[in-house]
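Trainee: Structure here, sequence nowhere to be found:
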């Protein structure tokens, strides 16, 4: 096993530019998340269209009067947290925030207490940080399977199996190497930000270590499963990255989405990114891992299924 891991490391170092790009993207994602957290923590930006019949007096709200509805892109990019249109008499609320925030804002418009609007609207700092890092880290897992794909393309895997090496041991070496390649640099980046630059990350490094380890487990398992379905590594990277971008966005990785009812909510709720973000939110609020054991079990079982599919698929297609 040690020799396999050493061989993986030597080969990966030959393509070290991939590793530097991965580290750079994670640093940028963390920096953007910290910047947005600091910038959005003071107040919520509410655009008001028409002549309001209700005076909004709330310290946590920054009111901007507009003559017409702003473009939806401004809401998506965070220029406004919500638009309240009074042109029809009854205030109409448009927002990309979740339903809880929309209800709280409606209560405020009705003259009730709106003290919870601020907390309902904002992702907490830890959730925002891991939400931004999440997609880049998962995509890094997909792009770093180049050793696995190369071994298939050049028929090195068959030679290693024929030499007496078990497929399970070979897959374990890929998994350990990819997990280490993702987890150690990422956690070191978080540690440097927190300990060297004294940046408040929203929760302890211990919690970040546990959550990042869980995220890397899911990312590596998916990456190996995805790569096992393609003979060409570039095609595997393209398809896998596309799936991760789409599922991360609809999971609310970058901003809170409305909690729709029906089949759409059911589908998105079982995406691993959604479960991970919900877990992050609860842990950052002070809940224990035991209280969120079902989310952890879901992610671990899903990772095991990904790995099992990868092993069986690879065995059937390439090693017979």
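Mentor: All right, it came through fine. What you see is a predicted model, and the numbers here were worked out from it, not measured in a lab.
Trainee: what about residue 64, which helix or strand?
Mentor: strand 61-66 (DSSP states H and E).
Trainee: Packing partners of that strand?
Mentor: strand 44-49 (3 or more C-beta pairs under 8 Å, 6 or more residues apart in numbering; DSSP states H and E). For every residue, glycine as well, the C-beta is placed using N, CA and C.
Trainee: The same query, at a cut-off of 10 Å, please.
Mentor: Counting by 3 or more C-beta pairs under 10 Å, 6 or more residues apart in numbering; DSSP states H and E, the packing neighbours recorded for strand 61-66 are strand 44-49, strand 82-85, helix 117-121.
Trainee: Name the strands paired with it and say parallel or antiparallel.
Mentor: strand 44-49 (parallel) (DSSP bridges).
Trainee: Can you report the mean pLDDT over the residues of the partner strand?
Mentor: Strand 44-49 shows a mean pLDDT of 83.
Trainee: how would you label the residue nearest to the spatial centre of the chain: helix, strand or coil?
Mentor: By C-alpha atoms, centre = their mean, the chain has its centre lying nearest to residue 134, at 2.9 Å. Classification of residue 134 using DSSP: H, G, I helix; E, B strand; the rest coil returns helix.
Trainee: Give me the pLDDT value at it.
Mentor: 93.
Trainee: can I assume it is in contact with residue 251?
Mentor: Yes: applying C-beta atoms under 10 Å, one finds residue 134 in contact with residue 251, separated by 8.4 Å.
Trainee: For these two, list the residues in contact with both.
Mentor: 272-273, 276-277 (C-beta atoms under 10 Å, 6 or more residues apart in numbering).
Trainee: among those residues, which are in helices?
Mentor: 272-273, 276-277 (DSSP state H).
Trainee: and the nearest residue to residue 289 once chain neighbours are set aside, what is it in contact with?
Mentor: For residue 289, ignoring the flanking residues on the chain, the nearest one in space by C-beta to C-beta, 6 or more residues apart in numbering is residue 296 at 6.5 Å. Contact analysis of residue 296 by C-beta under 10 Å, 6+ apart lists 210, 214, 275-276, 279, 289-290.
Trainee: quick one: buried residues of stretch 152-159?
Mentor: Buried residues in stretch 152-159, counted by 16 or more other C-beta atoms under 10 Å: 152, 157.
Trainee: Ok, stretch 263-273 next?
Mentor: 268, 271-273.
Trainee: How about stretch 3-10?
Mentor: Residues of stretch 3-10 classed as buried: 4, 8 (neighbour count, 16+ other C-beta under 10 Å).
Trainee: what's in contact with that stretch?
Mentor: Stretch 3-10 is contacted from outside by 147-148, 151, 160, 165, 169-170, 172-174, 176-178, 180-181, using C-beta under 10 Å, 6+ apart.
Trainee: go again using 8 Å as the cut-off
Mentor: Stretch 3-10 has contacts (C-beta atoms under 8 Å, 6 or more residues apart in numbering) with 147, 169-170, 173-174, 176-177.
Trainee: Below-threshold pLDDT in the stretch 201-320 of the chain: ranges please.
Mentor: Scanning the stretch 201-320 of the chain for pLDDT under 70 picks out 255-262, 317-320.
Trainee: Let me see the backbone angles for the nearest residue to residue 146 once chain neighbours are set aside.
Mentor: Spatially, and ignoring its direct neighbours in sequence, residue 146 is nearest to residue 233 (5.6 Å; C-beta to C-beta, 6+ apart). Backbone torsions of residue 233, given as degrees, to the nearest 10, read phi -60, psi -40.
Trainee: What is the burial count for residue 233?
Mentor: 18 (other C-beta atoms under 10 Å).
Trainee: thinking again about what came up before, adding pLDDT and neighbour count, write the contacts of stretch 3-10 out as a markdown table.
Mentor: Formatted as a markdown table, these follow (pLDDT from 0 to 100; neighbours: other C-beta atoms under 10 Å):
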| residue | pLDDT | neighbour count |
| --- | --- | --- |
| 147 | 91 | 22 |
| 169 | 87 | 12 |
| 170 | 87 | 20 |
| 173 | 94 | 20 |
| 174 | 95 | 23 |
| 176 | 95 | 15 |
| 177 | 95 | 22 |
